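K.L.:
Next input, structure requested:
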Amino acid sequence: ATGPWPWLITRLRERATWRELGHALLFALVLWPLDALVVAFALAAPLHLAVTPLLMATAGGGEEAKVLKQWTVTTWPAASGIAVLGLLLLALCGYALGLAAGARAELTRVLVGAPREDDQEARVVELTRSRVRLVDAFEAERRRIERDLHDGAQQRLVALTMALGLARLDAPPGPLADQLAKAHGEAGKALEELRELIHGIHPKVLADYGLPAAVADAADRSAVPVDVTLELPGRLPQAVEAAAYFVVCEALANIGRHSGATRAAVTGGHRDGRLVLRVRDDGRGGADAAAGSGLTGLADRVSVLDGRLSLSSPPGGPTLLSVEIPCEPCDPRDPRTRTEPCA
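P.N.:
The predicted model follows:
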């Protein structure tokens, strides 16, 4: 709804409105008289002391001068000393006014201002940590699902396939044997699909042997010959390994489907506290990460880890996919990494 009444109701429901109203009342009733008193005292008293010689020369006829209407000065040395004192007090009061202005600004910020920069930074840090925790939990859940399927459903399906195969051997030729053969074939297909599903959720080779072995396995299954050169100092955090692996798999799948390439290469390593991966092919180029290639979601996944994914694919090729993810190798002997979600 639009109009003054909905706007007024919305404003009345906001806490910022009442903070602003409280600040306005405080300023109108308390702050401005206090500010005026502080400024008047901080400026008037030192200035009056500083002009004591002038008052003695004019109003006092050169013989005396009233200082702050409290005491009388009758000599020029005393008047000069009071003038110097007034100048010193003027500088000191200027500093005091600065402190008062800072206190007033802090009060205003507390009442009507935005959150402090430190608070905002703390919130950003907490959001980043919570985001990383969600990614780690997501990876842990994927590993649990993969383990349950591998140790549960897949083993049962293997047993079923073997039982059907033995039944085929014992069945005499006829309609029953044909049905058993068909069931055995369907069970084999289901087992193969389940294995592919498990591999897509979280490949066991990645969990057991790490990123280089998993990338080499993905290269062996690629439709295009792939050269792999990946040197890492050790295992990396689970989320980093998983994100890097699935980016490589998606890139190799796109190369096989769309690029027309005859060869591809995956290179990378750990440099300057970052995992760096490069996937290159000699295809026709012209790829667009935003055109439904599947890399957009992976780019979001990499960005959650404070990483960066970039694609260079000019028409005519070559295509280069680059991934950089900040991370440190996991060392079980290092107490700083024992609590990290490392592979």
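K.L.:
Quickly find the element holding residue 278.
P.N.:
Using DSSP states H and E, residue 278 falls within strand 274-281.
K.L.:
so what does that strand touch, helix or strand wise?
P.N.:
Packed against strand 274-281, as judged by 3 or more C-beta pairs under 8 Å, 6 or more residues apart in numbering; DSSP states H and E, are the following elements: helix 238-254, strand 264-271, strand 319-326. Just so you know, the C-beta spots here come from the backbone N, C-alpha and C atoms, and that holds for glycine as well.
K.L.:
Using CSV, write out every CA atom in the following helix or strand past that strand.
P.N.:
Sequence-wise, the next helix or strand downstream of strand 274-281 (DSSP H and E) is helix 295-304. Extracted in CSV, the C-alpha atoms of helix 295-304 (Å, rounded to 0.1, in the frame of the first residue of the first chain):
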residue,chain,number,x,y,z
LEU,A,295,29.7,-24.0,-14.4
THR,A,296,27.6,-21.3,-12.8
GLY,A,297,26.6,-23.4,-9.8
LEU,A,298,30.2,-24.6,-9.4
ALA,A,299,31.4,-21.0,-9.5
ASP,A,300,29.0,-20.2,-6.7
ARG,A,301,30.4,-23.2,-4.8
VAL,A,302,33.9,-22.0,-5.3
SER,A,303,33.0,-18.5,-4.2
VAL,A,304,31.7,-19.9,-0.9
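K.L.:
strand partners of the helix or strand that helix 295-304 is followed by, parallel vs antiparallel please.
P.N.:
Per DSSP H and E, the first helix or strand lying C-terminal to helix 295-304 is strand 308-312. Strands adjacent to strand 308-312 in the sheet, as given by DSSP bridges, are strand 319-326 (antiparallel).
K.L.:
which parts of the partner strand are buried?
P.N.:
Going by neighbour count (16 or more other C-beta atoms under 10 Å), the buried part of strand 319-326 is 319-325.
K.L.:
so residue 51 touches residue 83, yeah?
P.N.:
Yes - between residue 51 and residue 83 a contact is recorded at 7.2 Å, counting by C-beta atoms under 8 Å.
K.L.:
Okay then, goodbye and thanks.
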